[in-house]
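In: Have a look at this fold, sequence not included:
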């Protein structure tokens, strides 16, 4: 299981990008299933990761923000697969908060960087006046050496040692190896050899990169203010930042290639499932936004690649799966792979059906800085519905409006569809209730 940080699906060759070089991910995609419409459950690191590891939505486990420290009741992939005799092993980036560095896994090969580990559990400020100190998440872009790059290379090294031991040893006990990378998370400091692949002067910026906040939904305008994205970047800066982001994606791809070579060049190739995904995406200037924290496609749509042993021996054919899927589907998938029965308490479903999966919507939510009131998304086929506690909703038809520029929520023609999607969202969660619960918990933690 390979999990990167902040990799938007569209920034991948296999997902149609004409400039970003990802040959190893592209090869993996061509050998198994590529899920064209995979979504994270929250466009924020810790909430998304705790959700995918537990197989539960953010509001179910109270993982509202990046300050959450999981309690003793938290059950991860490691807890679940232990029942099937699996050894579960962590390497690299997990973004767990608190002293428990395993959360149900059996051992670690390496940990997060020190400055990501220690967190006091305090929640972020969600006041209207909150504002990030700077927009360094985009302006600190360029080439050079960085601790994130060293972390990712070392993570691959440790994972390769483990895979070689497994391939060489007589132990047939099953294992789950989670490999976590920092790239392409900001700061956008790219290794020179990969940055050389991308000339900023040739970078094509999205058509929405200059969208003025005054013409956007008030929740989006507030988000842009909070993250210092309310003033458009100089064009040269936007091009440089984009080129560096692409270079970080390519460096990540290179690390994935090293892992695939170890698996495919050994006996592990015959019986090892390989999954690649990311915790959320990166706006990369779309709608004038950098980072994530919203429900536009670059923030919530993630790459998801699944290669089963049956793809290797011809029992299943590679395919592109078009239906909406969610990162909460990963745990049910792992349970099926491990031979465990369906857990009816999990909201997700196994992805092992691939192209035969029954269509169902994807859900996401956000309760952290930049958004004063809770936000919720339901993505169903061509339509995306965004609800905000105390604010008017948004509605987009992605088939005719892939850039999400035409908000249809105010069009009387779509009144019935809005009501239908709102009712479907309510069957998953009450936005008002979840918003109140999140704020109450954050207030309690702030007072403590």
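Out: Structure received. Note that the structure is predicted; figures quoted are calculated from it, not measured.

In: from here on, contacts and neighbour counts on C-alpha atoms
Out: Will do.

In: Helix, strand or coil: sort out residue 225 for me.
Out: Three-state call for residue 225 (DSSP: H, G, I helix; E, B strand; the rest coil): helix.

In: Could you report the neighbour count for the closest residue to it other than its chain neighbours?
Out: Nearest non-adjacent residue to residue 225, counting by C-alpha to C-alpha, 6 or more residues apart in numbering: residue 131, 6.7 Å away. Using other C-alpha atoms under 10 Å, residue 131 has 19 neighbouring residues.

In: Residue 354 too?
Out: Residue 354, neighbours per other C-alpha under 10 Å, totals 21.

In: same question, residue 132
Out: Burial measure for residue 132: 13 neighbouring residues, criterion other C-alpha under 10 Å.

In: give me every residue that touches it.
Out: Counting by C-alpha atoms under 8 Å, 6 or more residues apart in numbering, residue 132 touches 226, 227, 228.

In: Just name the closest of those residues to residue 115, please.
Out: Among those, residue 227 lies closest to residue 115 (C-alpha to C-alpha), at 20.9 Å.

In: Tell me the confidence at the nearest residue to the closest one once chain neighbours are set aside?
Out: If the residues on either side of it in the chain are set aside, residue 227 comes closest to residue 132, at 5.2 Å by C-alpha to C-alpha, 6+ apart. At residue 132, the model reports a pLDDT of 94.

In: that's a helix at residue 132, yeah?
Out: No - read with three-state DSSP, residue 132 is coil and lies in no helix.

In: So in the protein, which helix runs the longest?
Out: When the chain is parsed with DSSP state H, its longest helix is helix 235-264.

In: Let me know how buried the residue lying closest to residue 135 once chain neighbours are set aside is, in neighbour terms.
Out: Leaving aside its sequence neighbours, residue 135 sits nearest to residue 228 (C-alpha to C-alpha, 6+ apart; 5.2 Å). Here the number of neighbours of residue 228 (other C-alpha under 10 Å) works out to 20.

In: tell me which element residue 228 falls in.
Out: Residue 228 belongs to no helix or strand when assigned by DSSP states H and E.

In: May I ask you to confirm that it is in contact with residue 137?
Out: No - taking contacts as C-alpha atoms under 8 Å, residue 228 lies outside contact range of residue 137: 9.5 Å.

In: quick one, helices of the stretch 1-150 of the chain?
Out: Secondary structure of the stretch 1-150 of the chain by DSSP state H, counting those that start in this stretch: the helices cover 23-31, 45-54, 58-61, 77-82, 114-117, 136-139, 147-168.

In: which one of those helices lies closest to residue 434?
Out: Per C-alpha to C-alpha, nearest to residue 434 of the helices of the stretch 1-150 of the chain: helix 58-61, 6.3 Å.

In: Show residues contacting that closest one.
Out: Contacts of helix 58-61 (C-alpha under 8 Å, 6+ apart): 41, 42, 47, 48, 50, 51, 64, 74, 365, 429, 434, 438.

In: Tell me the most packed of the residues you listed, by neighbour count.
Out: Counting neighbours by other C-alpha under 10 Å, residue 42 leads the contacts of helix 58-61 with 34 neighbours.

In: What spatial separation is found between that one and residue 385?
Out: 15 Å (C-alpha to C-alpha, to the nearest Å).

In: Output the helices of the stretch 1-150 of the chain in JSON lines, with distance to residue 198 and mean pLDDT appended to each entry.
Out: Converted to JSON lines, the helices of the stretch 1-150 of the chain look like this (distance: least, C-alpha to C-alpha, whole Å; pLDDT from 0 to 100):
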{"stretch": "helix 23-31", "distance to residue 198": "15", "mean pLDDT": "98"}
{"stretch": "helix 45-54", "distance to residue 198": "27", "mean pLDDT": "98"}
{"stretch": "helix 58-61", "distance to residue 198": "37", "mean pLDDT": "98"}
{"stretch": "helix 77-82", "distance to residue 198": "38", "mean pLDDT": "98"}
{"stretch": "helix 114-117", "distance to residue 198": "29", "mean pLDDT": "74"}
{"stretch": "helix 136-139", "distance to residue 198": "17", "mean pLDDT": "93"}
{"stretch": "helix 147-168", "distance to residue 198": "18", "mean pLDDT": "97"}
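
In: Most tightly packed of the ones you listed?
Out: Ranked by mean neighbour count under mean count of other C-alpha atoms under 10 Å, the helices of the stretch 1-150 of the chain are led by helix 45-54, which reaches a mean of 25.

In: now that one: how far from the chain's centre is it?
Out: Relative to its parent chain, helix 45-54 has a centroid offset of 9 Å by C-alpha atoms, centre = their mean, to the nearest Å.

In: Quick one: list the elements packing against it.
Out: Helix 45-54 is packed against helix 58-61, helix 330-337, with contacts defined by 3 or more C-alpha pairs under 8 Å, 6 or more residues apart in numbering; DSSP states H and E.

In: low pLDDT regions in the stretch 151-300 of the chain?
Out: For the stretch 151-300 of the chain, not a single residue meets the criterion pLDDT under 70.

In: so the residue of the chain most remote from its centre, which of the three states?
Out: Distance from the C-alpha centroid of the chain peaks at residue 170, with 35.6 Å (C-alpha atoms, centre = their mean). Three-state assignment for residue 170 (three-state DSSP): coil.
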